[in-house]
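*Asks:* Show me the folded form of this:
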Amino acid sequence: MPSEPTEVQVRPGVEGDLEALTALYNHYVRETAITFDTAIFTPEERRPWLLSHPEDGPYRLRVALNPDSQRILGYATSSPFRAKPAYATSVETTVYVAPDAGRRGIGTLLYKALFEALSGEDLHRAYAGIAQPNEASARLHERFGFRYVGTYREVGRKFGRYWDVAWYEKPL
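*Replies:* Here you go, the predicted structure:
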């Protein structure tokens with residue numbers, strides 16, 4: 001794994017992060033097919049998402065920030081995989097890094113913190129869907145023990161075209 005950047009600290013996400021987290025996510029909504037959301041959010045609209053990631057339990061939010069400026073450089077989450085009860089021991093994980101903060105090991109730092117936080121939880125598998133193409137995300141997930149399990153072809157439509165999503169899984 002790449003060396004961890006020393007100028008970054010990772011901590012649980014808190015209510016005061018909501019505006020910055022929303023702005024970061026909205027960049028990916030507006031500019032990329034990495035998320036299949038198509039309309040930007042206000043911080044108030046994103047509040048239920050933030051509150052669904054408490055400091056403990058299987059659904060976590062980890063935030064990477066510059067300790068000097070307190071600027072959020074990225075975040076990682078674990079969220080419910082599917083709503084039905086038998087899926088309760090599975091989570092979907094994701095990482096978003098600020099567009100100007102890539103290739104600095106921030107995704108690695110975030111996933112390391114997220115999986116450490118999840119290590120004591122009653123979880124069996126983590127899943128990640130990666131809109132294609134996205135080699136950097138595939139490499140990150142493979143470094144953390146995720147293995148490719150299949151691709152949903154043309155499963156999402158955004159920016160006037162269809163996108164594939166490759167699915168990865170990791171035992172927890």
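*Asks:* going forward, measure contacts and count neighbours with C-alpha atoms only.
*Replies:* OK.
*Asks:* All the strands of the chain, residue numbers only.
*Replies:* For the chain, applying DSSP state E gives strands covering 9-12, 61-65, 72-80, 90-97, 125-131, 147-158, 161-171.
*Asks:* export these to CSV and tack on distance to Ile34?
*Replies:* CSV is the format used below for those (distance: least, C-alpha to C-alpha, whole Å):
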stretch, distance to Ile34
strand 9-12, 23
strand 61-65, 18
strand 72-80, 14
strand 90-97, 9
strand 125-131, 6
strand 147-158, 10
strand 161-171, 9
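*Asks:* So which of the ones you listed is the most surrounded?
*Replies:* Per-stretch averages of neighbours, counted by mean count of other C-alpha atoms under 10 Å, single out strand 61-65 among those, with a mean of 25.
*Asks:* Kindly present the strands of the chain as a markdown table, with separate columns for distance to Leu24 and mean pLDDT.
*Replies:* Compiled in a markdown table, the strands of the chain are given as follows (distance: least, C-alpha to C-alpha, whole Å; pLDDT from 0 to 100):
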| stretch | distance to Leu24 | mean pLDDT |
| --- | --- | --- |
| strand 9-12 | 16 | 96 |
| strand 61-65 | 12 | 97 |
| strand 72-80 | 8 | 97 |
| strand 90-97 | 8 | 97 |
| strand 125-131 | 18 | 98 |
| strand 147-158 | 19 | 98 |
| strand 161-171 | 21 | 98 |
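*Asks:* Nearest to Tyr28 among these would be which one?
*Replies:* Tyr28 lies closest to strand 90-97 among the strands of the chain, at 8.4 Å (C-alpha to C-alpha).
*Asks:* Now do that closest one and strand 61-65, the angle between them.
*Replies:* Angle, strand 90-97 to strand 61-65, by axes from the mean of the first three to the mean of the last three C-alpha atoms, to 10 degrees: 20 degrees.
*Asks:* Keeping just the C-alphas, turn strand 90-97 into PDB.
*Replies:* What follows is strand 90-97, C-alpha atoms only, in PDB (Å, rounded to 0.1, in the frame of the first residue of the first chain):
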ATOM      1  CA  SER A  90     -23.400  -7.200   4.500                       C
ATOM      2  CA  VAL A  91     -22.400  -3.600   3.800                       C
ATOM      3  CA  GLU A  92     -21.700  -1.500   0.700                       C
ATOM      4  CA  THR A  93     -18.600   0.600   1.000                       C
ATOM      5  CA  THR A  94     -17.500   3.600  -0.900                       C
ATOM      6  CA  VAL A  95     -14.800   6.300  -1.000                       C
ATOM      7  CA  TYR A  96     -14.900   9.800  -2.400                       C
ATOM      8  CA  VAL A  97     -11.800  11.900  -2.600                       C
END
